[in-house]
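In: Next come a sequence and a model predicted from it.
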Amino acid sequence: MGHGIAHVAALAGYDVVMTDINREALDKGLKLIDRNLGRQVGRDLISEADKTAALGRVSIDTRLEALSDCDLVIEAATEDEAVKKNIFQKLCPLVKPEAFLASNTSSLSITRLGAATDRPGQFMGLHFMNPVPVMQLVELIRGIATDEATFTALKTVVDRMGKQAVSAEDFPAFIVNRILLPMINEAVYTLYEGVGSVSAIDTAMKLGANHPMGPLELADFIGLDTCLAVMQVLHDGLADTKYRPCPLLVKYVEAGWLGRKTGRGFYDYSGDVPTPTR
């Protein structure tokens, strides 16, 4: 998500500093930006000059201090509230007082995250969709303390990136994942209860509901750990048993079978073609 956000920001003309604690992750992210910009050139969506200019606007650094002069910092760490709060607490003393802060969280409370900073009025949620260069939607989420000027400024940034913004209230999982993740969780229950195989469930939803990707294939793409984290936020935040994570989803995450990023989830990605694991 981080390199995708950097990609669209740089292409929109913004100077971007991309940070991570892992230098290898930064190098990989930069290569992915280069590759994905190249794909856009190949599809005549941008010119070679646009690609060169965008790459020239992106720098990488392992130090949070490198963000000291930024006007907006967008956090895109793992979907763990403690991790995100820790990042913001370290970041706040390093960035200028007038800088805006945002989280790309897909489910966590913007109000709570903002309260962990020294500027809750200048904090809000910017939930980009994956893959960022392709997906048009960005959810804009205000915390209870978010100033109207912050919302207006960040909507302007999203508009300049060429994205379609929708405003969502600060409820668990917002709009997209409030609808999408329970569907994925129900697909896992359908597999768990033996109603259908992985292939049957995904084929049924692609051909029967005209979904471009089956729900289990999509879960692997998102990351099963992220799917579980969102379902836990929904279950805890809304106190409704209909959001209880499927035990099979929990088991896969405990096994480290997180989907595409680990090479195994509901599909095995070790071969040339993904193979259903159940």
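Out: Sure, I can see it.

In: average pLDDT across the helix or strand that contains residue 101?
Out: Taking DSSP states H and E as the definition, one finds residue 101 inside strand 100-103. Per-residue pLDDT values across strand 100-103 average out to 98.

In: can you map out the helices along this structure?
Out: Counting by DSSP state H, the segments of the chain that form helices are 2-11, 23-42, 48-56, 81-91, 110-115, 148-160, 176-192, 198-208, 215-222, 224-238, 247-254.

In: so the last one versus helix 215-222, what angle?
Out: By that I understand helix 247-254. Note on geometry: by axes from the mean of the first three to the mean of the last three C-alpha atoms, to 10 degrees, helix 247-254 and helix 215-222 are set 30 degrees apart in direction.

In: Tell me the buried residues in helix 247-254?
Out: 248, 249, 252, 253 (16 or more other C-beta atoms under 10 Å). Where you see a C-beta, it was placed from the backbone N, CA and C, and this is true even at glycine.

In: Closest one of the residues you listed to residue 65?
Out: residue 253 (34.2 Å; C-beta to C-beta).

In: In this structure the closest one contacts residue 224, no?
Out: Yes. Using C-beta atoms under 8 Å, residue 253 is in contact with residue 224, at 5.3 Å.

In: Just give me the neighbour total for residue 148.
Out: By other C-beta atoms under 10 Å, 9 other residues sit near residue 148.

In: Excluding chain neighbours, what is closest to residue 90?
Out: Closest residue to residue 90 apart from its sequence neighbours, by C-beta to C-beta, 6 or more residues apart in numbering: residue 64 at 5.9 Å.

In: Would you check how far apart that neighbour and residue 32 are?
Out: According to C-beta to C-beta, to the nearest Å, residue 64 stands 22 Å off from residue 32.

In: now swap in residue 89 and tell me
Out: 29 Å.

In: between the two, which one's more packed in?
Out: Counting neighbours by other C-beta under 10 Å for residue 89 and for residue 32 shows that residue 32 has the greater number, 17 against 12.

In: Make sure the more buried one is actually in contact with residue 1.
Out: No. Applying C-beta under 8 Å as the test, residue 32 and residue 1 come out as separate, 11.3 Å apart.

In: ok, back up a step: check contacts around the residue nearest to residue 90.
Out: Contacts here follow C-beta atoms under 8 Å, 6 or more residues apart in numbering; on that basis residue 64 touches 19, 87, 90, 91, 94.
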